[in-house]
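**Q** Make a model of this:
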Amino acid sequence: MEKHDRFDGFSVSVFLDDDGEYIAHFLEMPNISAFAETPELALHELEVAWEGVKESYQKNGEPIPVAPARKEYTGRFNIRIDRRLHRALAIEAAKAGISLNAIVAQKLARETPQHG
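**A** Just a heads-up that it's a prediction; the model follows:
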């Protein structure tokens, strides 16, 4: 982790808009944004905005949002799927000699970038 993580683990995007101003925003919460004439100033303004948002949450007794990368996960994931897909996955798992959960986890792991 950085010495000073001014955005609390949230991912930030900075881009030049059609009006020639730089806009910085959180990818996970695009409604929190700031703009300025340079990328550095846009990031500074986003930092100011984020501090204001956190103060507002605290003032209203609400929990401050936590970045997905900072949350704790149980590893449990439930999803409903089409019964034909369920059947096909169950058959594939049986042929591979592994559980349905294992085959789905393998498929998800192949398709999803792993982040620490």
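**Q** Which of the residues in the helix or strand bottoming out on mean pLDDT in the chain are classified as buried?
**A** In the chain, no helix or strand scores lower on mean pLDDT, DSSP states H and E than helix 100-111, which sits at a mean of 91. Across helix 100-111, burial judged by 16 or more other CB atoms under 10 Å covers 103, 104. (Glycine included, C-beta is placed from N, CA and C.)
**Q** three-state assignment of residue 14?
**A** Look at residue 14: counting by DSSP: H, G, I helix; E, B strand; the rest coil, its state is strand.
**Q** so how far is residue 74 from it?
**A** Applying CB to CB, to the nearest Å, the value for residue 14 to residue 74 is 34 Å.
**Q** Those two: who's more crowded?
**A** residue 14 (17 against 5; other CB atoms under 10 Å).
**Q** residue with max distance from the center of the protein?
**A** In terms of distance from the mean C-alpha position of the chain, residue 95 ranks first, at 35.1 Å (CA atoms, centre = their mean).
**Q** in what helix or strand does that one lie?
**A** helix 83-96 (DSSP states H and E).
**Q** Same question for residue 6.
**A** Applying DSSP H and E, one finds residue 6 in no helix or strand.
**Q** Which of the helices or strands spans the spatially closest residue to it that is not a sequence neighbour?
**A** Nearest residue to residue 6, sequence neighbours excluded (CB to CB, 6 or more residues apart in numbering): residue 47, at 4.9 Å. Here residue 47, judged by DSSP H and E, is contained in helix 39-59.
**Q** tilt between that helix and strand 12-16?
**A** 140 degrees (axes from the mean of the first three to the mean of the last three CA atoms, to 10 degrees).
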